[in-house]
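Trainee: Okay, sequence plus prediction incoming.
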Amino acid sequence: MKYAILESGGKQYKAVEGGVIDVDLLPVKPGERLKLDSVLLLVDGDNVTVGAPVVSGASVSAKVVEHFKGEKTINFTYSPKKRIRQKTGHRQSYTRLAIETIEK
């Protein structure tokens, strides 16, 4: 099984050929192809290549499937006897990527 650990937006994701990952919002349109060069680890069967900090010459090509928002998270602050109640919500924007190939 061939997979790579890549970095996008300060977070690390496991990318498998033919799989789908959800990353933080990227400034590209749906349907466009994208090349991610920050590959930290590359595994191809028994061959494991660890980068220092990135694997040179390795890249992951992906296609942007869609942009969407995640589930709403609720933050509720409550202070008894002071009549302080504060409720806020947040929905994070994501980009769904379909992994096409992992190259070395």
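Mentor: Yep, that arrived.
Trainee: Specify the residue positioned farthest from the middle of the protein.
Mentor: What lies farthest from the middle of the chain is Lys81; by Cα atoms, centre = their mean that is 42.9 Å.
Trainee: Now the lowest-mean-pLDDT helix or strand in the chain: buried residues?
Mentor: Within the chain, no helix or strand scores below strand 47-50, which has a mean of 89 by mean pLDDT, DSSP states H and E. Neighbour-count burial for strand 47-50 flags Thr49 (criterion: 16 or more other Cβ atoms under 10 Å). The C-beta positions use only the backbone N, C-alpha and C, and glycine is treated the same way.
Trainee: Give me the sheet partners of it and which way each runs.
Mentor: strand 39-44 (antiparallel) (DSSP bridges).
Trainee: Grab the most central residue of the chain for me.
Mentor: By Cα atoms, centre = their mean, the most central residue of the chain is Val23, 2.7 Å off.
Trainee: Got phi/psi on it?
Mentor: Dihedral pair for Val23: phi -120, psi 170, per degrees, to the nearest 10.
Trainee: about what we covered before: what are the contacting residues of the least confident helix or strand of the chain?
Mentor: Leu40, Leu41, Leu42, Val43, Val55, Ala58, Lys104 (Cβ atoms under 8 Å, 6 or more residues apart in numbering).
Trainee: Could you rerun that using 6 Å?
Mentor: Leu41, Leu42, Val55 (Cβ atoms under 6 Å, 6 or more residues apart in numbering).
Trainee: Turn these into CSV, columns for neighbour count.
Mentor: Shown next, in CSV, are those (neighbours: other Cβ atoms under 10 Å):
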residue, neighbour count
Leu41, 17
Leu42, 24
Val55, 20
